[in-house]
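Novice: Return a 3D structure for these sequence lines:
(one chain, ligands or ions: 2)
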Amino acid sequence: MKLIFRYRYLLFRRLLQISLLVLFFGGNAFGWNVLKGNFSSAMLFSAIPLSDPYAVVQIMATGFIVAADALIGALIILLLYGLVFGRMFCAWVCPMNMISDLAIFINLKLKLNNNLRFSRKIRYGILALGIILSFFLSTPAFEAISPVSALHRGIIFGMGGGWAIIAAIFLFDLAVMRNGWCGHLCPIGASYALIGKFALIKIRHDSEKCTDCGKCFEVCPERHVLDIINIKPGIISSSECTNCSRCIEVCDDNALKISLRNTMIRKK
Ligand code: SF4
Ligand code: SF4
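Specialist: Ligands and ions are numbered 1, 2, ... in the order given. Below you'll find the predicted structure:
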């Protein structure tokens, strides 16, 4: 039980990520009427469209007319993540998160040297480049090489060339740069960081309880967002935080918790 509690958020995230893949698989293979499509464009219960806003922006940049369903789906996702969940897509929904976490886990076990560093801002440049290339190539440029789509296709429809992209990212994260793809390069993650700037769900830090042990820094995929740790109480304000909640799980001082943006820490 103690172990389950220790990894409660991680277990819940994996359950959700795997359940979504199973539902997509069932929708394709057995016609289950729950979730059909893929992570760029899906239909919930054959009635509610869900679209990745970045994919829709790329389609708009090509000059082609975007279907009404895709626009409504993008609006729904914008509202959900923009108002409530922030960048939770990355830690709770995207299947690439499992690949990235696995690479980090193995790296820490084997103590491999993956110390290459470059700016995390590059992902915003790649995001813009995807839109610009979509305009000039008249095709959604990043969608063609998106590892999220490739992994989805690989799992749902079987092996394909996309596994080479997944393997390359896994090896990059494992041996070259910790959290290289999701933390530095992925434009989808960057788009959710932009979308989630004013989201309601946040991680809250209580600096009075913090003993500065540094465990949250060890597990955080976006360490720079932990700039208030042991300095001042408040929310982790950066929208690059994925609300993965690993920091909460490892904090033995109970100095971090999931919270809503405007709630206050009660003084004892
Ligand atoms: S950064 Fe990109 S690949 Fe990584 S979890 Fe987020 S959307 Fe998925
Ligand atoms: S601050 Fe916590 S919740 Fe946010 S990304 Fe880091 S470990 Fe995850």
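Novice: Return the residues of the stretch 51-200 of the chain in contact with ligand 1.
Specialist: Residues of the stretch 51-200 of the chain lying close to ligand 1 by Cβ under 6 Å from any ligand atom are 90, 94, 96-97, 100, 148, 182, 186, 188-189. Just so you know, the C-beta spots here come from the backbone N, C-alpha and C atoms, and that holds for glycine as well.
Novice: Farthest pair within these?
Specialist: 100 and 188 (12.6 Å; Cβ to Cβ).
Novice: and residue 49, which of the three is it?
Specialist: What DSSP: H, G, I helix; E, B strand; the rest coil gives for residue 49 is strand.
Novice: Need the phi and psi values for residue 229.
Specialist: Geometry field for residue 229 lists phi and psi as phi -60, psi 130, criterion degrees, to the nearest 10.
Novice: which residues touch it?
Specialist: 205, 207, 210, 212, 216-217 (Cβ atoms under 8 Å, 6 or more residues apart in numbering).
Novice: which of those are buried?
Specialist: 205, 210, 216 (16 or more other Cβ atoms under 10 Å).
Novice: Between these, which sits nearest ligand 2?
Specialist: Closest approach between the buried ones among the contacts of residue 229 and ligand 2, by Cβ to the nearest ligand atom: residue 216, at 6.2 Å.
Novice: distance of that closest one from residue 206?
Specialist: The gap separating residue 216 from residue 206 is 12 Å, by Cβ to Cβ, to the nearest Å.
Novice: How about residue 230?
Specialist: Applying Cβ to Cβ, the value for residue 230 to residue 206 is 10 Å.
Novice: what about residue 13, which SS state?
Specialist: Under three-state DSSP, residue 13 comes out as helix.
Novice: Give the full set of residues in contact with the closest residue to it other than its chain neighbours.
Specialist: If the residues on either side of it in the chain are set aside, residue 13 comes closest to residue 92, at 5.2 Å by Cβ to Cβ, 6 or more residues apart in numbering. By Cβ under 8 Å, 6+ apart, the contact set of residue 92 is 13, 16-17, 85, 242-244.
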